[in-house]
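K.L.:
Quick one: sequence plus predicted model below, questions after.
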Amino acid sequence: MAVDATAADRSFPKSLEKESAERGQRTVWYRYRAYRLDGGWIQALTRRGRVVSRALGTSAAPTKYLPMPRTELPAEFAKVISEKDVLQFVGNYGLLGFSQASLTTMSAEPYPDETREPIDWVLMHARTVRFILEMHDALRKPAALRRILEQALTPVPDNPRTRVPGFTMLTFAERGLLEPRQVRAEDYGYAPDGPTPSGFARNIIAEILNVNLAGVHRHVSPRLDSVWRAESLIDVVYWLLADAVSNRTIRRCHFCGHFFTAATTSKRQYCPPPRNSAGDGPCAQNDRARRYRLQKKQEAARHPQTIARHRSRSR
């Protein structure tokens, strides 16, 4: 199974990339011509379907772009659930940067090949980003937040042999680690019988973001410009996610339930339209059509004889 990245949306306004660079956000990322699933890995390919290697020279050169202006990255990454979703996301934005993250994460085993990365690692980070978005959305909804945490937390019973008392475990992705990081929820203020879990949720959101922002650095160039750089695309995802959480620009679509980012002053309730398109997006149009059909159905139930007469006249 493969995807051609040349068919991906590349209509992003260059003016926004220029503005991002002027603000000192000059992280450059790259996207190859195509990708395929290969035994638990996702592999970059050339336009002719060959595995990318240095021996191919410039024929395998990727397309470069600035990812920071693409504020939709965290929400789009949160939609990644299956291997097919991984392929689609990578086709649009490129690999996440497992090689770069593994080289700069403590306790991680370095992986030098930048043209492939493990699918399980990508899916683990997608679950973590989705977990943050769901917790943030439920911060003011105690019942919903408890349900989210009940699904994420794992009780560990007492161990009489080692005399270690029981605790509650939480796992999440950490940059270049292949295995999820495990923490004691009680260390972050979790109390099973506590009045509200919102304080614990905020602590966990901050901890996950902080450990995954280790690849974001401030750098001073030889021109003495102050520049912010990320080492990989997964670092950019968490960078943009941290901005969205702190600026409260995360929204949840009233129709499909997916997350999206919007300006703080925006009243948008549905997923935005495709890039460079005006008006309502597909979700707003579908919900309007759904409400119209529901209204007609309710009218028919209230006035069945009137509806029947109208239908007979139309014939």
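P.N.:
In hand now; what should we look at? Please read these numbers as outputs of a predicted model, since none were measured by experiment.
K.L.:
contacts and neighbour counts: CA atoms only from here.
P.N.:
OK.
K.L.:
Would you verify that residue 251 is located in a strand?
P.N.:
Yes: with DSSP: H, G, I helix; E, B strand; the rest coil as the criterion, residue 251 is located in a strand.
K.L.:
and it, what pLDDT?
P.N.:
With respect to pLDDT, residue 251 scores 88.
K.L.:
Look up which residues are beta-bridged to it.
P.N.:
residue 260 (DSSP bridges).
K.L.:
Could you give the number of residues near it?
P.N.:
24 (other Cα atoms under 10 Å).
K.L.:
how about it, what does it touch?
P.N.:
137, 259-262, 269 (Cα atoms under 8 Å, 6 or more residues apart in numbering).
K.L.:
Nearest to residue 122 among those?
P.N.:
Nearest to residue 122 among the contacts of residue 251 is residue 259, at 18.6 Å by Cα to Cα.
K.L.:
That closest one contacts residue 241, doesn't it?
P.N.:
No: contact criterion Cα atoms under 8 Å: residue 259 and residue 241 do not qualify, at 11.5 Å.
K.L.:
and the contacts of residue 251 as a markdown table, adding distance to residue 125, neighbour count and pLDDT?
P.N.:
Output for the contacts of residue 251, formatted as a markdown table (distance: Cα to Cα, whole Å; neighbours: other Cα atoms under 10 Å; pLDDT from 0 to 100):
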| residue | distance to residue 125 | neighbour count | pLDDT |
| --- | --- | --- | --- |
| 137 | 18 | 18 | 94 |
| 259 | 16 | 23 | 87 |
| 260 | 18 | 24 | 87 |
| 261 | 19 | 24 | 84 |
| 262 | 23 | 19 | 82 |
| 269 | 26 | 15 | 84 |
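K.L.:
Using the three-state scheme, assign residue 113.
P.N.:
Criterion first, three-state DSSP; result for residue 113: coil.
K.L.:
Which pLDDT does the model give it?
P.N.:
88.
K.L.:
Against residue 87, how distant is residue 177?
P.N.:
21 Å (Cα to Cα, to the nearest Å).
K.L.:
okay, those two: which has more neighbours?
P.N.:
Under the criterion of other Cα under 10 Å, the comparison of residue 177 against residue 87 puts residue 87 first, with 25 against 18.
K.L.:
That one contacts residue 40, correct?
P.N.:
No: counting by Cα under 8 Å, residue 87 stays clear of residue 40, with 11.8 Å between them.
K.L.:
just the helices in the stretch 201-315 of the chain please.
P.N.:
Taking DSSP state H, counting those that start in this stretch as the test, the helices found in the stretch 201-315 of the chain are 233-247, 282-302, 304-314.
K.L.:
Which of the contacts of residue 251 lies at the shortest distance from residue 201?
P.N.:
In terms of Cα to Cα, no member of these lies closer to residue 201 than residue 137, at 10.8 Å.
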